[in-house]
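Enquirer: Predicted model and sequence follow; I will ask about them next.
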Amino acid sequence: AQRVTQPEKLLSVFKGAPVELKCNYSYSGSPELFWYVQYSRQRLQLLLRHISRESIKGFTADLNKGETSFHLKKPFAQEEDSAMYYCALKFGGSARQLTFGSGTQLTVLP
Amino acid sequence: DTAVSQTPKYLVTQMGNDKSIKCEQNLGHDTMYWYKQDSKKFLKIMFSYNNKELIINETVPNRFSPKSPDKAHLNLHINSLELGDSAVYFCASSLSPSNSPLHFGNGTRLTVT
């Protein structure tokens, strides 16, 4: 079955330090991967998708099909990056096949 | 303000009661969804409607009944509430069933006592 695993429930880093939020998926076909973010008291929103291959708020994520990973990285974390981050896998064309990981709570310490 | 809005934000009720959660989107999207976030923070899809038609109905007790009066609204009615129904319920919308991304509402925290 298709699955998304985020092994870290909580992650703390100091401001200015690099941060990496891990995401692994299991799917035999061609996946479409996303990172969603939920800041405190705000709604869940799309951060980036692997198809776009873009950097949003300094974050990047590269799809590694060999390792079935889609880790989210930022070279210098900021306090405003503190939030809940969800990795999501979409396969096929219907929303039924959008599977979320359990999320990682990132705290950036001053 | 264009968004997905759901009401109420918090809902506390007793076992056995019937309650509804409302969702509206003014983004002009065709597709709307209900997701449930359990205590372990897993987000699972429950239902999806496209242009008022049910297109996804995951394994959900039939005490849960979605209703879509028009494509801008998707309400969730829950009968005979149980303790295990306590969760955060998120409404979301997208341009079409195959077109991401999803736009989420702020969530409704349901507590069944």
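Expert: The structure has been received and is ready for your questions.

Enquirer: CA atoms for contacts and neighbours, from now on please.
Expert: Fine.

Enquirer: Quickly check: the least confident helix or strand in chain A by mean pLDDT near chain B or not.
Expert: Scoring the helices and strands of chain A by mean pLDDT, DSSP states H and E places strand A:98-100 at the bottom, with a mean of 85. Yes - using CA under 8 Å from any CA of the partner chain, strand A:98-100 reaches chain B at A:99-100.

Enquirer: Against which helices or strands is that strand packed?
Expert: strand A:3-5, strand A:83-90, strand B:43-50 (3 or more CA pairs under 8 Å, 6 or more residues apart in numbering or on different chains; DSSP states H and E).

Enquirer: Now residue B:35. Nearest residue, chain neighbours left out?
Expert: residue B:45 (4.4 Å; CA to CA, 6 or more residues apart in numbering or on different chains).

Enquirer: Please work out which of the helices and strands packed on strand A:98-100 is packed deepest.
Expert: Mean neighbour count (mean count of other CA atoms under 10 Å in any protein chain shown) peaks for strand A:83-90 among the helices and strands packed on strand A:98-100, with a mean of 25.

Enquirer: ok, that one: who's next to it in the sheet?
Expert: strand A:32-38 (antiparallel), strand A:98-100 (antiparallel), strand A:104-109 (antiparallel) (DSSP bridges).

Enquirer: Can you lay out these as JSON lines showing distance to residue B:52?
Expert: Converted to JSON lines, the strands paired with strand A:83-90 look like this (distance: least, CA to CA, whole Å):
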{"stretch": "strand A:32-38", "distance to residue B:52": "26"}
{"stretch": "strand A:98-100", "distance to residue B:52": "20"}
{"stretch": "strand A:104-109", "distance to residue B:52": "34"}
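
Enquirer: Any chance of CSV for the helices and strands packed on strand A:98-100, columns distance to residue B:96 and mean pLDDT?
Expert: Below are these laid out as CSV (distance: least, CA to CA, whole Å; pLDDT from 0 to 100):
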stretch, distance to residue B:96, mean pLDDT
strand A:3-5, 23, 91
strand A:83-90, 14, 93
strand B:43-50, 7, 89
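
Enquirer: can you tell me which of these comes nearest to residue B:9?
Expert: strand B:43-50 (17.5 Å; CA to CA).

Enquirer: Can you list the neighbours in contact with the closest one?
Expert: A:95-96, A:99-102, B:30-37, B:54-60, B:66, B:68, B:71, B:74, B:96-97 (CA atoms under 8 Å, 6 or more residues apart in numbering or on different chains).

Enquirer: Please compute how far the least confident helix or strand of chain A lies from its chain's middle.
Expert: In this view, strand A:98-100 has its centroid 12 Å away from the chain centroid, taken as CA atoms, centre = their mean, to the nearest Å.

Enquirer: what's the angle between the helix or strand bottoming out on mean pLDDT in chain B and strand B:43-50?
Expert: None of the helices or strands of chain B scores lower by mean pLDDT, DSSP H and E than strand B:53-57, at a mean of 85. Here strand B:53-57 runs at an angle of 160 degrees relative to strand B:43-50 (axes from the mean of the first three to the mean of the last three CA atoms, to 10 degrees).

Enquirer: I'd like to know which elements strand B:53-57 is packed against.
Expert: Judged by 3+ CA pairs under 8 Å, 6+ apart, strand B:53-57 is in contact with strand B:43-50.

Enquirer: Given the strand it packs on, what are its sheet partners and their directions?
Expert: Counting by DSSP bridges, strand B:43-50 is paired with strand B:31-37 (antiparallel), strand B:53-57 (antiparallel).
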